[in-house]
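**Q** just to be clear, the model below is a prediction. Sequence and coordinates:
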Amino acid sequence: MIKVCNFCGNKNFKQKNVQHIYRHEDKLLIINNVPCEECEYCGEKYFTAKVLKKIEQEFKEIYFSGKRAAKRLTVPVEEFMEIQ
Ligand SMILES: [Zn+2]
């Protein structure tokens, strides 16, 4: 699918399932076991357009159509200035 890594120029990739965090403004969606091709040298991950589209669609269904996600996490948030 991909010939050369955009970041390091490496040509070897491995098929992997990874956790992907989709973010739009302040909204996050964590998807586990997303298929991708990972650069063996720098670790950059490449997803197919089809996979990314599916994730975007799921994001919209959860945030705008009220679909229930399989699981929800509560995430702590801090300002760096406040933790000095
Ligand atoms: Zn690379």
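**A** It's in.
**Q** quick one, what contacts the residue most central in space within the chain?
**A** Per Cα atoms, centre = their mean, the C-alpha nearest to the average position across the chain is that of H20, at 2.6 Å. H20 sits next to 30-31, 34, 36, 45, 47, 55 when contact means Cβ atoms under 8 Å, 6 or more residues apart in numbering. C-beta: built from backbone N, CA, C; applies to glycine.
**Q** quick one: H20 is in a strand?
**A** Yes. H20 sits within a strand when classified using DSSP: H, G, I helix; E, B strand; the rest coil.
**Q** dig out what it forms beta bridges with.
**A** I31 (DSSP bridges).
**Q** any idea of the pLDDT on the spatially closest residue to V34 that is not a sequence neighbour?
**A** Spatially, and ignoring its direct neighbours in sequence, V34 is nearest to H20 (4.3 Å; Cβ to Cβ, 6 or more residues apart in numbering). pLDDT recorded at H20 is 97.
**Q** K3 now?
**A** Here the pLDDT value assigned to K3 is 86.
**Q** ramachandran angles for the closest residue to it other than its chain neighbours?
**A** In space, and not counting its chain neighbours, K3 is closest to K11: 6.6 Å by Cβ to Cβ, 6+ apart. When read as degrees, to the nearest 10, the backbone of K11 gives phi -110, psi 0.
**Q** what sits against K11?
**A** Taking Cβ under 8 Å, 6+ apart as the definition, contacts of K11 comprise 3-5.
**Q** for C36, same thing?
**A** Taking Cβ under 8 Å, 6+ apart, one finds 15-18, 20, 45-47, 51 in contact with C36.
**Q** and if we set it to 6 Å?
**A** Under the criterion of Cβ atoms under 6 Å, 6 or more residues apart in numbering, the neighbours of C36 are 16, 18, 45-47.
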